[in-house]
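K.L.:
Structure, please.
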Amino acid sequence: MSGCEVCPAYEQLTRMGISMGKYDRVVALAGNPNTGKSTLFNALTGLRQHTGNWPGKTVTRAEGGFEFRDVRFKLVDLPGTYSLMAASQDEEVARDFLLFARPDCTVVITDATALERNLNMVLQVMEVTSRVVVCVNLIDEAERKGIHVDAEELSAELGVPVVLTSARSGQGVRELVETVYEVAEGTRTSTPRLAEPPPPVAAVLEELSPLAALAAPDAEHPRWIAYRLLDGDHRVRQALAVGEFAVEEENGREQEAQELVARADELRPTLGENFRDATVEALYARAEVAAARAVRERGSNRMRKLDQRIDRIVTSPVLGLPIMLGLLSLVFWLTVIGANVPSQMLARMFFAVEA
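P.N.:
Just a heads-up that it's a prediction; the model follows:
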């Protein structure tokens with residue numbers, strides 16, 4: 001996104017409080033909290049950074065810059081979030097920036113020691129944009145815990161570039177910058193392998209996605225717009241109504257947008273009340289498959305995973321209560337009846353000694 005100061009995309013950045021100034025490209029940093037995102041931001045920008053608040057929000061914004069191969073990059077550190085569902089101010093800020101600011105590249109930072117959990121966010125970002133680089137950070141901690149992440153396998157599974165880093169030590173940061181440069185400049189393209197929604201939702205999205213493409217021709221992934229309309233996302237409805245998805249002013253399609261929203265409203269009741277939960281479960285299942293194929297763990301860590309599985313079983317809503325009642329019954333039996341057995345054995349032993 002070079003210095004087009006009169007185009008709608010540039011105006012959108014300005015409305016979000018982002019001044020391009022001398023910069024040529026915009027790069028967003030996204031990811032879950034506690035993945036080392038701020039450390040990576042500092043490693044990339046050094047002292048060339050400043051903080052403030054997002055316009056109209058109490059959410060802190062950090063931005064800085066770096067230069068690589070004569071290209072000047074504006075780096076925007078988005079709030080750490082677990083989702084893009086816009087259930088909080090942080091999620092709303094992150095989602096809106098990816099949608100409307102249209103960064104030239106989005107780096108999604110993940111924790112190598114908890115990759116499966118973090119991949120849920122990666123999959124959501126890939127629904128919004130194809131210009132994604134996955135940064136698997138804290139790789140040094142993962143290695144100490146016996147966790148090995150295969151970057152090539154993960155990249156093949158997700159369909160986007162993957163770079164292993166340790167932002168604290170600088171490991172992999174140079175490779176990350178090179179990859180960001182290639183994606184932002186368009187010399188490296190990707191075809192993300194998205195999570196497949198449940199069949200009923202997929203059928204509805206197949207009908208709505210072409211309508212979304214007509215209503216928002218500049219949107220990178222119309223399917224995501226269609227799904228958010230099904231989910232009743234008022235911000236997306238508003239953006240369609242005012243032509244906010246249009247990069248060029250003439251690409252606003254008011255009539256098509258109205259038809260899309262009306263059709264989404266008609267189809268939503270056919271999916272039932274649990275379609276959101278089913279779609280989220282599909283995301284988690286996709287993340288689990290990707291992590292299983294890309295992550296290898298040594299024995300001690302496998303035991304930890306076994307402990308986690310046991311924890312999930314004994315704390316689950318279905319099995320947790322019966323297991324707890326069984327354990328309490330066992331304790332009661334041991335206290336009232338079972339304890340009599342060793343007591344009697346000890347009594348006999350003492351009587352034998354006295355005799």
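K.L.:
quick one, helices of the stretch 101-250 of the chain?
P.N.:
With helices called from DSSP state H, counting those that start in this stretch, the stretch 101-250 of the chain shows them at 115-128, 139-144, 151-158, 173-185, 199-215, 222-230, 234-242.
K.L.:
Using JSON lines, lay out those together with mean neighbour count.
P.N.:
Placement of C-beta: from N, CA and C, glycine included. JSON lines is the format used below for the helices of the stretch 101-250 of the chain (neighbours: other C-beta atoms under 10 Å):
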{"stretch": "helix 115-128", "mean neighbour count": "22"}
{"stretch": "helix 139-144", "mean neighbour count": "18"}
{"stretch": "helix 151-158", "mean neighbour count": "17"}
{"stretch": "helix 173-185", "mean neighbour count": "19"}
{"stretch": "helix 199-215", "mean neighbour count": "17"}
{"stretch": "helix 222-230", "mean neighbour count": "24"}
{"stretch": "helix 234-242", "mean neighbour count": "16"}
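K.L.:
what's the closest of those helices to Leu98?
P.N.:
Smallest distance to Leu98 across the helices of the stretch 101-250 of the chain (C-beta to C-beta): 4.9 Å, for helix 115-128.
K.L.:
just checking, what packs against the closest one?
P.N.:
strand 25-31, strand 105-111, strand 132-137, helix 151-158, helix 222-230, helix 275-294 (3 or more C-beta pairs under 8 Å, 6 or more residues apart in numbering; DSSP states H and E).
K.L.:
now what about that helix, what contacts it?
P.N.:
30-32, 35, 81-84, 95, 98-99, 106, 108, 110-111, 132, 134, 136, 149, 158-160, 192, 194-195, 220-221, 223-224, 227, 283-284, 286-288, 290-292, 294-295 (C-beta atoms under 8 Å, 6 or more residues apart in numbering).
K.L.:
and what of stretch 79-86?
P.N.:
30-35, 37, 59-60, 88-95, 98, 120-121, 124-125, 127-128, 231, 233, 235.
K.L.:
how much space is there between Ala262 and Thr279?
P.N.:
From Ala262 across to Thr279, the span is 22 Å (C-beta to C-beta, to the nearest Å).
K.L.:
do you know how far the spatially closest residue to Glu175 that is not a sequence neighbour is from Ser38?
P.N.:
Nearest residue to Glu175 in three dimensions, chain neighbours excluded: Val163, at 5.3 Å (C-beta to C-beta, 6 or more residues apart in numbering). Val163 sits 18 Å away from Ser38, going by C-beta to C-beta.
K.L.:
So between those two, which is more surrounded?
P.N.:
The neighbour comparison of Val163 against Ser38 (other C-beta atoms under 10 Å) goes to Val163, with 22 against 16.
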